[in-house]
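Engineer: the sequence isn't on hand, but the structure is:
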């Protein structure tokens with residue numbers, strides 16, 4: 001398997017290649033095939049979010065301090081750097097996504113969305129190279145794309161209800177906004193802090209089309225919305241009192257996978273909210289959760305370990321120490337045969353290098369003994 005991991009302490013991206021069963025915490029276990037460091041800067045400008053473009057040509061990174069940097073995927077050479085994309089340095093990026101075209105959307109906590117067209121990278125016209133700026137209702141903690149419908153997004157944040165919007169030709173339109181649940185037993189408003197949103201497969205009822213949303217909050221809530229039915233959630237659970245910070249789901253939409261601030265990575269039933277599985281091992285806040293083709297998930301956070309799990313069984317598949325706190329993860333491939341072939345080639349190259357070194361040493365010894373005989 002191959003992963004890209006963004007690190008906080010060095011501001012770099014590490015490219016990790018390993019096999020299933022790799023565990024760097026056990027000396028006798030399999031070890032990574034390779035770990036290579038790229039694009040290092042500093043902790044002050046570390047990468048908050050990054051992506052690999054759909055054509056695998058570029059890596060786009062949103063850095064602390066407001067810069068968006070585009071690198072060549074193969075060489076990691078810098079192609080373009082956009083600065084001051086957050087309006088102010090204290091506002092961090094919360095999302096970086098690519099739609100089905102060449103457009104990249106970078107969203108900040110203060111609601112500023114920068115739209116970059118990759119097709120304009122090599123143009124000399126400054127007007128086409130400058131990103132388009134849009135503004136959302138702030139503050140924003142998450143901003144996501146609807147993978148089922150072009151130009152549809154959802155976002156939310158602290159005291160900022162879930163909103164579904166459309167962005168077309170640089171124009172933004174709000175389509176729907178959620179409504180808070182009823183008052184609690186003390187007749188007080190239930191606090192709102194949206195931290196993660198997923199679009200599930202779009203349903204339709206009696207010809208009415210809408211959006212099926214899976215939402216988590218920093219107050220431990222998991223909620224489901226069907227926008228064609230009502231503004232309030234159709235289901236709401238609170239499986240934990242800890243802040244839930246990440247969200248993904250299984251291919252059947254029957255379970256959600258989320259992580260909290262205390263190291264829990266759990267699988268929760270969307271029927272009753274009960275935890276039906278736990279991905280063991282994480283210590284402390286899990287910042288990054290990546291779902292690779294609904295088969296495996298990769299996680300990382302404060303404990304400096306990348307962990308890869310089987311999504312269905314929760315079994316750990318690989319565990320790699322990367323020396324720094326992790327801010328984001330992307331899994332590029334899970335090709336076990338390719339990795340094994342690469343490892344075999346690497347071992348053969350080592351063996352060949354050893355043989356060449358031994359042959360050279362023998363030649364030197366032979367030459368040395370020949371010179372001594374001549375002197376005598």
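Structural biologist: Okay, I see it. No experiment lies behind these values; they were computed from the predicted model shown. Numbering: from 1, shown residues only.

Engineer: partners of the closest residue to residue 78 other than its chain neighbours in the sheet?
Structural biologist: In space, and not counting its chain neighbours, residue 78 is closest to residue 71: 5.7 Å by C-beta to C-beta, 6 or more residues apart in numbering. Glycine gets a C-beta too; all of them are placed from N, C-alpha and C. According to DSSP bridges, the partner residues bridging residue 71 are residue 59, residue 78.

Engineer: now the stretch 51-200 of the chain, which segments are flagged as low pLDDT?
Structural biologist: 124-129 (pLDDT under 70).

Engineer: can you give me the strands in it?
Structural biologist: Along the stretch 51-200 of the chain, the segments classed as strands by DSSP state E, counting those that start in this stretch run 58-63, 68-72, 78-82, 93-98, 103-108, 112-117, 132-135, 142-145, 152-157, 160-168, 171-177, 194-200.

Engineer: got those strands as JSON lines, with distance to residue 240 columns?
Structural biologist: Formatted as JSON lines, the strands of the stretch 51-200 of the chain follow (distance: least, C-beta to C-beta, whole Å):
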{"stretch": "strand 58-63", "distance to residue 240": "29"}
{"stretch": "strand 68-72", "distance to residue 240": "34"}
{"stretch": "strand 78-82", "distance to residue 240": "38"}
{"stretch": "strand 93-98", "distance to residue 240": "22"}
{"stretch": "strand 103-108", "distance to residue 240": "26"}
{"stretch": "strand 112-117", "distance to residue 240": "31"}
{"stretch": "strand 132-135", "distance to residue 240": "33"}
{"stretch": "strand 142-145", "distance to residue 240": "18"}
{"stretch": "strand 152-157", "distance to residue 240": "19"}
{"stretch": "strand 160-168", "distance to residue 240": "20"}
{"stretch": "strand 171-177", "distance to residue 240": "26"}
{"stretch": "strand 194-200", "distance to residue 240": "13"}
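
Engineer: TSV for these, including distance to residue 33 and mean neighbour count?
Structural biologist: Converted to TSV, these look like this (distance: least, C-beta to C-beta, whole Å; neighbours: other C-beta atoms under 10 Å):
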stretch	distance to residue 33	mean neighbour count
strand 58-63	20	25
strand 68-72	22	19
strand 78-82	26	15
strand 93-98	28	21
strand 103-108	31	23
strand 112-117	34	20
strand 132-135	41	14
strand 142-145	33	22
strand 152-157	38	24
strand 160-168	41	19
strand 171-177	45	13
strand 194-200	32	22
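
Engineer: residue 272 is nearest to which of those?
Structural biologist: strand 194-200 (17.2 Å; C-beta to C-beta).

Engineer: tell me the angle of that closest one relative to strand 93-98?
Structural biologist: Strand 194-200 and strand 93-98 meet at an angle of 20 degrees, taking axes from the mean of the first three to the mean of the last three C-alpha atoms, to 10 degrees as the criterion.

Engineer: and strand 194-200, what does it pack onto?
Structural biologist: strand 142-145, strand 152-157, strand 160-168, strand 212-217, strand 244-249 (3 or more C-beta pairs under 8 Å, 6 or more residues apart in numbering; DSSP states H and E).

Engineer: now render those as a markdown table, adding distance to residue 353.
Structural biologist: Shown next, in a markdown table, are the helices and strands packed on strand 194-200 (distance: least, C-beta to C-beta, whole Å):
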| stretch | distance to residue 353 |
| --- | --- |
| strand 142-145 | 47 |
| strand 152-157 | 52 |
| strand 160-168 | 54 |
| strand 212-217 | 51 |
| strand 244-249 | 43 |
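
Engineer: of those, which approaches residue 287 most closely?
Structural biologist: Of these, nearest to residue 287 by C-beta to C-beta is strand 244-249, at 7.1 Å.

Engineer: which is the next helix or strand following that closest one?
Structural biologist: Reading on from strand 244-249 to the C-terminus, the next helix or strand found by DSSP states H and E is strand 255-260.

Engineer: report the mean confidence score over that following strand.
Structural biologist: Strand 255-260 carries an average pLDDT of 97.

Engineer: same check, this time on stretch 214-225
Structural biologist: Mean predicted lDDT for stretch 214-225 stands at 97.
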